[in-house]
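> got a predicted model here, sequence first, then my questions.
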Amino acid sequence: MQLIENSSAQKLRGAYYTPVSLANAIASSLPKRPYNTIIEPSCGDGVFIDSLRNAGLLGDDVSITCVEIEKGEAQKAKSRYRGNPRVSVITDDFFHYRENEGKEKSFDLIIGNPPYIRYQYLSKEQRHTQAQILKANGMKPNKLINSWVCFIAACVQMLSDNGVIAFIVPAEILQVAYAEELRHYLSNNLTRLTLVTFEKLVFPGVEQEVVVLIGEKGGEGKGIRVIGMNDESGLKGLELIKTGYRNTCQTKEKWTKYFMAGEEIELIDRIKRDKRFIHFSELALINVGITTGNHDFFTICEKTENEYGLSSATLPLIGRSSHVHGISFTKEDWQKNIKDGKKALLVKFPDIPFEEYDEAHRLYIENGEKTGQNTGYKCRIRDRWYIVPSVWAPDAFFTRQVHNYPKIVLNKCGAVSTDTIHRIKFNAGVDPETVLLSYYNSVSFAFAEICGRSYGGGVLEILPGEARNILLPAVPYIDRTLKRELAEKIDGSIRNGKDIEEALDFVDKEILIGMLGIDGEVCCICRRIWKKMQKRRLGRTLAAR
């Protein structure tokens, strides 16, 4: 986490200014209706007002309010629109303006690019104000919520009965847990929602992936749609007609589901109700790996172990997903990582008096203190910074961040993992190998993509709470011969870098179709869903290059 004193003034006020081309594209794509009252609640130097004018939306009867907290930027906007009685530029914090001048006002169009400010960068007063707004709209404030969430909720409150909101927001709105209540709020308070995603990053020099959110109040029909585009140029020809929308579920579910076709969504919903599948959480505990607080100090290679005589204070370690080679992590796999010079050892000092430590161990700790290895937050809050808590060897591992697909890997050598890989402890009576082998199928892979989240670099991340929702075949038993065949097929594909779809074909046939009686067409559609969503996120990796 970056401390406030080390952050730029731009980051502290969440200011990432909108490219003119993107503002123009958004203005040209707005629903065709009269906008008599317009507000740009974080106007910067007025780029969106310029774009609305260029789009012919600023008629003689239009009243425009621009709010900007930064005095220098507000002055630029005032200078550009000096002499225009229809444009009022107010230098103020938007939330302060809303509680005072704007309290009784409503607007036909609210447009802009809200500030992206993390909770830790907000002042005490800002936190209180935003918490009150969230509570007033039925949402729970927490320390994960970014300011843009509250900003959007406040703006929706200020929309007229037939108003439109058009904002550039982080793509996190589609999928992250801290925005789930906002998704529910928008679904309940807006008639139609359009979200436009981009393969390319549209903010020069900023790695933040964004979407354009256009929400409408009033009118007939209700629905949501997600439209994927290469870049902002596609917005110019976008017609926001009332077709192409899907019924919203009025839930907090991720909106990434709307990248699927209607029949695909219906199939996924049917599978959720199918007793032949079971949530991962019903089979095992899924927890984060070990939080060391300082991987450089606590994860070491064999050379460092020998240098400080740490062999009696180390455990076999999987430090990252690339250290996993197949569906089982064996002693041979670990030794290969050691031989390759990887950091495959975790330093675990015993909970005994420091004076009883070996001299070499004390030297390693003292050298760590001399070089500031103990100054990180996670280390500072421990009673003894060099003793890592919650160290236990799981039954299996689940890869957290991946490009192609997440893996379940059986732990065959008592290894531990850092928090880059999740830990799995199976419930009593559950056969780990049966769960492992049955996971590698088209349905479970589709749910892994649906439950996880993706970023601009194409990485799929699945947190423990999301992994728990992945559906697995409810298979209590697989005979020994079939187990061997499945293991050889899956492990061979992974270890030899083969196309995993060959293994999926085999598991679909033997487990889903053969044992559970699942229709083969269901397997085909789920495979298509997995490939479609995987291709979408991996495509952004290429587009960003």
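Done, it's in.
> in the top helix by length along the chain, which of the residues would be classed as buried?
Counting by DSSP state H, the longest helix found in the chain is helix 520-543. Neighbour-count burial for helix 520-543, counted by 16 or more other CB atoms under 10 Å, picks out 522-523, 525-527, 529-530, 533-534, 536-538, 540-541. Quick note: C-beta positions are derived from backbone N, CA and C, even for glycine.
> likewise stretch 471-482?
For stretch 471-482, a neighbour-count test (16+ other CB under 10 Å) marks 471, 472, 473, 474, 475, 478 as buried.
> with stretch 431-444 instead?
Applying a neighbour-count criterion of 16+ other CB under 10 Å, the buried positions in stretch 431-444 are 431-432, 434-444.
> can you flag which of those belong to strands?
With strands taken from DSSP state E, there is no overlap with these.
> one step back: and the longest helix of the chain, what does it pack against?
Helix 520-543 sits against helix 262-273, helix 442-451, strand 453-454, with contacts defined as 3 or more CB pairs under 8 Å, 6 or more residues apart in numbering; DSSP states H and E.
> apply 7 Å and report the result again.
helix 262-273, helix 442-451 (3 or more CB pairs under 7 Å, 6 or more residues apart in numbering; DSSP states H and E).
> for it, what is the distance to the chain centroid?
Centre-to-centre, helix 520-543 and its host chain are 18 Å apart (CA atoms, centre = their mean, to the nearest Å).
> run through who's touching that helix.
If you take CB atoms under 7 Å, 6 or more residues apart in numbering as the criterion, helix 520-543 is touched by 199-200, 228, 259-260, 264, 267, 403, 442-443, 445-446, 449, 454, 456-458, 460, 504, 508, 512-513.
> pick the one among the buried residues of helix 520-543 closest to residue 310.
Closest approach between the buried residues of helix 520-543 and residue 310, by CB to CB: residue 541, at 38.2 Å.
> mind pulling up the pLDDT for that closest one?
Model confidence at residue 541, expressed as pLDDT, equals 52.
> do residue 23 as well
Looking at residue 23, its pLDDT is 88.
> that one: how many residues sit nearby?
Residue 23: 26 surrounding residues under other CB atoms under 10 Å.
> ok, the one 3 residues further on next?
By other CB under 10 Å, the residues close to residue 26 number 28.
> got a list of what it touches?
Residue 26 makes contacts with 166, 212, 235, as judged by CB under 7 Å, 6+ apart.
> and the first one, which of the three is it?
Of the three states, residue 166 takes strand according to DSSP: H, G, I helix; E, B strand; the rest coil.
> ditto for the second one
The local conformation at residue 212, judged by three-state DSSP, is strand.
> what distance do you get for the closest residue to it other than its chain neighbours to residue 380?
Closest residue in space to residue 212, ignoring its immediate chain neighbours: residue 196 at 4.2 Å, by CB to CB, 6 or more residues apart in numbering. Counting by CB to CB, to the nearest Å, the gap between residue 196 and residue 380 amounts to 44 Å.
> which one's more surrounded, those two?
Under the criterion of other CB under 10 Å, the comparison of residue 196 against residue 380 puts residue 196 first, with 22 against 10.
> isn't the more buried one right up against residue 211?
Yes - between residue 196 and residue 211 there is a contact under CB atoms under 7 Å: 6.1 Å.
> what sits against the residue nearest to residue 515 when sequence neighbours are not counted?
Sequence neighbours aside, residue 475 is the residue nearest to residue 515 in space, at 6.1 Å (criterion: CB to CB, 6+ apart). By CB under 7 Å, 6+ apart, the contact list for residue 475 reads 434, 438, 511, 515.
> just give me the closest of those residues to residue 50.
residue 438 (57.5 Å).
> show the pLDDT at that closest one.
With respect to pLDDT, residue 438 has a value of 97.
> show me the contacts for it.
472, 473, 475, 507, 511.
> same question, residue 423
Neighbours of residue 423 in contact, by CB under 7 Å, 6+ apart: 287, 289, 394, 397, 417.
> help me confirm that the last one is found in a helix?
To tie it back to what came earlier, the one meant is residue 417. No - counting by three-state DSSP, residue 417 is not part of a helix but strand.
> any idea how far the nearest residue to it once chain neighbours are set aside lies from residue 489?
In this structure, residue 417 finds its nearest non-sequential neighbour in residue 289, 4.0 Å apart by CB to CB, 6+ apart. Going from residue 289 to residue 489 by CB to CB gives 28 Å.
> and those two? which has more neighbours close in?
Looking at residue 289 and residue 489 with other CB under 10 Å, you find the greater number of neighbours at residue 289, namely 22 against 19.
> who touches the more buried one in this structure?
417, 418, 419, 420, 421, 422, 423.
> quick one, which of those are buried?
417, 418, 420, 421, 422, 423.
> quick check, nearest of these to residue 372?
Using CB to CB, these come closest to residue 372 at residue 418, 20.3 Å.
> still on that earlier bit, let's have the buried residues of helix 520-543 in a markdown table, adding distance to residue 130.
Shown next, in a markdown table, are those (distance: CB to CB, whole Å):
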| residue | distance to residue 130 |
| --- | --- |
| 522 | 45 |
| 523 | 46 |
| 525 | 42 |
| 526 | 40 |
| 527 | 43 |
| 529 | 37 |
| 530 | 38 |
| 533 | 33 |
| 534 | 36 |
| 536 | 32 |
| 537 | 31 |
| 538 | 36 |
| 540 | 30 |
| 541 | 34 |
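> what's the closest of those residues to residue 141?
For those, the nearest to residue 141 is residue 537 (30.1 Å; CB to CB).
> hang on, the earlier thing: going by distance to residue 413, which of the buried residues of stretch 471-482 wins?
Nearest to residue 413 among these, with distances taken as CB to CB, is residue 478, at 23.4 Å.
> remind me which helix or strand the closest one belongs to.
Assigning secondary structure by DSSP states H and E places residue 478 outside every helix and strand.
> ok, and the closest non-adjacent residue to it?
Closest residue to residue 478 apart from its sequence neighbours, by CB to CB, 6+ apart: residue 434 at 5.2 Å.
> distance of the one you found from residue 486?
Applying CB to CB to residue 434 and residue 486 gives a distance of 10 Å.
> ok, now residue 404?
19 Å.
> who's more crowded, those two?
Counted by other CB under 10 Å, residue 404 and residue 486 do not tie: residue 486 has more neighbours, with 23 against 11.
> pretty sure that one sits against residue 507.
Yes - applying CB under 7 Å, one finds residue 486 in contact with residue 507, separated by 6.4 Å.
> around residue 87, how many other residues sit close by?
Residues lying near residue 87 (other CB under 10 Å) number 23.
> ok, it - contacts?
Applying CB under 7 Å, 6+ apart, the residues near residue 87 are 49, 64, 66, 81.
> ok, 6 Å please
64, 81 (CB atoms under 6 Å, 6 or more residues apart in numbering).
> partner residues bridging it?
Per DSSP bridges, the residues bridged to residue 87 are residue 64.
> skipping adjacent residues, who's closest to residue 291 in space?
Nearest to residue 291 is residue 419, by CB to CB, 6+ apart, at 5.0 Å.
> over to residue 451?
That would be residue 466: by CB to CB, 6+ apart, it lies 4.4 Å from residue 451.
> let me know the pLDDT of that neighbour.
Residue 466 is assigned 93 on the pLDDT scale.
> doesn't residue 450 make contact with it?
No - the criterion here is CB atoms under 6 Å, and residue 466 misses it with residue 450 at 9.3 Å.
> which one of those two is surrounded by more residues?
Shown here are residue 466 and residue 450; by other CB under 10 Å, residue 450 has more neighbours (23 against 20).
> distance check, the more buried one against residue 264.
Distance of residue 450 to residue 264, computed by CB to CB: 10 Å.
> neighbours of residue 270, how many?
10.
> now stretch 126-142: buried residues?
Buried, per 16+ other CB under 10 Å, within stretch 126-142: 126, 127, 129, 130, 131, 133, 134, 137, 139, 141.
> pretty sure the first one sits in a helix.
Yes - going by three-state DSSP, the assignment for residue 126 places it inside a helix.
> if I look at it, how far off is residue 154?
From residue 126 to residue 154 the distance is 13 Å (CB to CB).
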